[in-house]
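Undergrad: Got a sequence here, can you model it:
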Amino acid sequence: MLRFGYDAKRLFNNFTGLGNYSRTLLKNLSNYYPNHAYFLFSPKIERKPETKLFTSSVSFSLYNPNRYQRPLWRSYGIRYALKRHKIQLYHGLSNELPIGLSSTGIKSVVTIHDLVFKHRPDYYPLIDRTVYDLKFRYACQKADAIVAISESTKNDIINFYQIPAEKIRVIYQSCDERFMQEKSAKLIDQILAKYQLPSEFMLYVGTITERKNLLGIVQAMAILPPSLRIPLVVIGKGKEYKAQVVQFLQREGLSKLVIFTQVDNDDLPVIFQKASIFLYPSRLEGFGIPVIEALFSGTPVISSRASSLPEAAGPASWLVNPEEPAQITAGIERILEDATFRKNMIESGFQYAQSFKGEVVTEEMMDLYERILGLA
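TA: Down below sits the predicted model:
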C-alpha cells in the first residue's frame, strides 16, 4: 500500500474548474486503485454535497490545521504533517508545492493547469501575476515531475520557465461520470421545469469573463437569421463583463433570448444532454473541461482554435477564431440546419471523448506516481 498526499484546498473549497479537477481525480484514484491510502490536506474543509464522498469514505484521510496555523500552512507547515503521516508522494493539484518539500525526502508532483497570466497579463492585477509567477515557477523547478493538462500548457511551461520537456507529462482531465450516463426523458422534463428552461436551447457554461468570450457568442446570435435564433442558456457568474453582455443584448433587442441562471451540479449533466449546441469559444484555456462534458453528453460543440481547446474538442467539433463572431454564426447555422452533419458531430465527438474516460487518465497518473517512486 502506497501513501499519497494531496493539496485538497480546491477540492473542498472551489466548485468550478480546479475543484472539479481535484474531485474527479481523487474519486477515480480511489475507485480504480482502492488499495492505496489517500490523505487530503486542506486549510479549510467545506462540507457540501460535492465533497460528501471525501468526508465520509474510508478511502480518504482528512487533515486540516487549527485556525492559528492556517495563513502559511500550505506553504510551510504542511511539511510536518506530511512527514508525520509518512506520505511517500505529495501531489500539488493546483499549480503549487510547499516550500522546502524536497528537503523532506518526500517525492512530489505538481499539476500546472495553465499560464494564462503570462499570455494575457491584462486580465490580472499586478500582485496576482507576481504571486502566481513565483509559485508556479518554484513548483516547476522543485517538483520531481510536472503534470500538464494539455500539450498547450506543456509548451508554455517549457517556453516561460525553461523546464526540460522530459520532466513534463501531459495527462488529460476526465469529467464526472454523471456526464457519461444517458438521462431519461422524464428526468429531462423535470429539470427543464425546475429551472423554467425552454425545450430547445443552446448552452454556455463557465465564468462570465472577457477570456471566456460570451460577448462573442451573443454577437454571433445577433447576425443569425431570426428563424434560427433559439434561446441561449448561460450558466455562470460574472460582474463587469456580464454587464457588457447585458448592455449589448438590450441594445440589440435580444434580452429575452438569453437566460442567465445557476443550477445544482447534480442537474448540470441533464442540461448538457438536452442542449442543441454547446458554445465555448474561449480565448485561452488550460484545457476546457466543459467541452468534454458536452462531448460525453452527445452535444455538438462550437469552440475555439486557441491554446488547448483543439485538444479538448477534437476533430469533429466546429472550431473558430474567437475574435470572429461570424464564424460562430456559421457553425450555429450549419448544426441547426444540417441534421446529417449534426449527427456526425455527435457520434464522432462521443468517440473522441473516450480517450478522456476516467479509467484511461487515472491509469496514466498512477503510472507516473509509480515511476517517480521507482516502482515501474
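Undergrad: Distance of the residue nearest to residue 336 when sequence neighbours are not counted relative to residue 216?
TA: Excluding its sequence neighbours, the residue lying closest to residue 336 (Cβ to Cβ, 6 or more residues apart in numbering) is residue 228, at 5.4 Å. In this view, the C-beta of every residue, glycine as well, is placed from N, C-alpha and C. Residue 228 sits 17 Å away from residue 216, going by Cβ to Cβ, to the nearest Å.
Undergrad: what does residue 224 give?
TA: Going from residue 224 to residue 216 by Cβ to Cβ gives 13 Å.
Undergrad: same question, residue 299
TA: 19 Å.
Undergrad: What of residue 178?
TA: Applying Cβ to Cβ, the value for residue 178 to residue 216 is 29 Å.
Undergrad: And the two? Which one has more around it.
TA: Between residue 178 and residue 216, residue 216 has the larger neighbour count (other Cβ atoms under 10 Å), namely 24 against 17.
Undergrad: And the helices in the stretch 201-350 of the chain?
TA: 214-222, 240-252, 268-274, 289-296, 309-313, 325-337, 339-353 (DSSP state H, counting those that start in this stretch).
Undergrad: quick one: contacts of the third one?
TA: Surrounding helix 268-274, the residues in contact under the criterion Cβ atoms under 8 Å, 6 or more residues apart in numbering are 176, 178-179, 181-183, 187-188, 191-192, 195, 197, 201, 203, 205, 233, 235, 263, 278, 293-294, 297-299.
Undergrad: And the residues you listed, which of them are buried?
TA: By neighbour count, with 16 or more other Cβ atoms under 10 Å, the contacts of helix 268-274 hold 176, 178-179, 183, 188, 191-192, 195, 197, 201, 203, 205, 233, 235, 263, 278, 293-294, 297-299 as buried.
Undergrad: And the pLDDT at residue 70?
TA: Per-residue pLDDT puts residue 70 at 69.
Undergrad: do residue 14 as well
TA: 89.
Undergrad: domain ranges for this protein?
TA: The chain breaks down by automatic domain parsing into domains covering 3-174+357-372, 177-355.
Undergrad: so how far is the shortest one off the chain centroid?
TA: Averaging C-alpha coordinates over domain 177-355 and over its chain gives two centres that are 15 Å apart (Cα atoms, centre = their mean, to the nearest Å).
Undergrad: same deal with the longest one?
TA: The gap between the average C-alpha position of domain 3-174+357-372 and the chain average comes to 14 Å, counting by Cα atoms, centre = their mean.
Undergrad: 68 is where my numbering starts, stick with that
TA: Will do, 68 is the new start, and the previous item becomes domain 70-241+424-439.
Undergrad: End to end on it, go ahead and measure it.
TA: 13 Å (Cα to Cα, to the nearest Å).
Undergrad: Show me which residues of the one helix or strand residue 90 maps to are buried.
TA: Taking DSSP states H and E as the definition, residue 90 sits inside helix 84-99. When burial is assessed from 16+ other Cβ under 10 Å, helix 84-99 yields the following buried residues: 84-97.
Undergrad: still on that earlier bit, out of the helices of the stretch 268-417 of the chain, flag the one nearest residue 350.
TA: helix 281-289 (8.7 Å; Cβ to Cβ).
Undergrad: Show me what that closest one is packed against.
TA: With contacts taken as 3 or more Cβ pairs under 8 Å, 6 or more residues apart in numbering; DSSP states H and E, helix 281-289 sits against strand 299-302, helix 307-319, helix 392-404.
Undergrad: Make JSON lines from those and add distance to residue 325 and mean pLDDT to it.
TA: As requested, the helices and strands packed on helix 281-289 are exported to JSON lines (distance: least, Cβ to Cβ, whole Å; pLDDT from 0 to 100):
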{"stretch": "strand 299-302", "distance to residue 325": "5", "mean pLDDT": "98"}
{"stretch": "helix 307-319", "distance to residue 325": "6", "mean pLDDT": "97"}
{"stretch": "helix 392-404", "distance to residue 325": "14", "mean pLDDT": "98"}
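Undergrad: Just name the most buried of these.
TA: The highest average neighbour count among the helices and strands packed on helix 281-289, using mean count of other Cβ atoms under 10 Å, belongs to strand 299-302 at a mean of 22.
Undergrad: What residue, apart from its backbone neighbours, is nearest residue 90 spatially?
TA: Leaving out its chain neighbours, the residue that sits closest to residue 90 by Cβ to Cβ, 6+ apart is residue 78, at 5.5 Å.
Undergrad: Also residue 282?
TA: Excluding the flanking residues, the one nearest residue 282 by Cβ to Cβ, 6+ apart is residue 312, at 5.3 Å.
Undergrad: residue contacts, that neighbour?
TA: 275, 281, 282, 285, 305, 325.
Undergrad: before we move on, what about residue 298?
TA: Neighbours of residue 298 in contact, by Cβ under 8 Å, 6+ apart: 265, 267, 268, 269, 324, 325, 326.
Undergrad: So which of those residues is the closest to residue 208?
TA: residue 269 (43.5 Å).
Undergrad: And that closest one, what's its pLDDT?
TA: With respect to pLDDT, residue 269 scores 98.
Undergrad: Specify the beta-bridge partners of it.
TA: Taking DSSP bridges as the rule, residue 269 bridges to residue 299, residue 344.
Undergrad: contacting residues for it?
TA: Each residue near residue 269 by Cβ under 8 Å, 6+ apart is listed here: 297, 298, 299, 300, 342, 343, 344, 345, 346, 399.
Undergrad: Could I get the contacting residues of the fifth one?
TA: This means residue 342. Shown here is residue 342, whose contacts under the criterion Cβ under 8 Å, 6+ apart are 268, 269, 270, 300, 361, 364, 366.
Undergrad: so the first one touches residue 296, yeah?
TA: No: using Cβ atoms under 8 Å as the test, residue 268 is too far from residue 296 to be in contact (11.1 Å).
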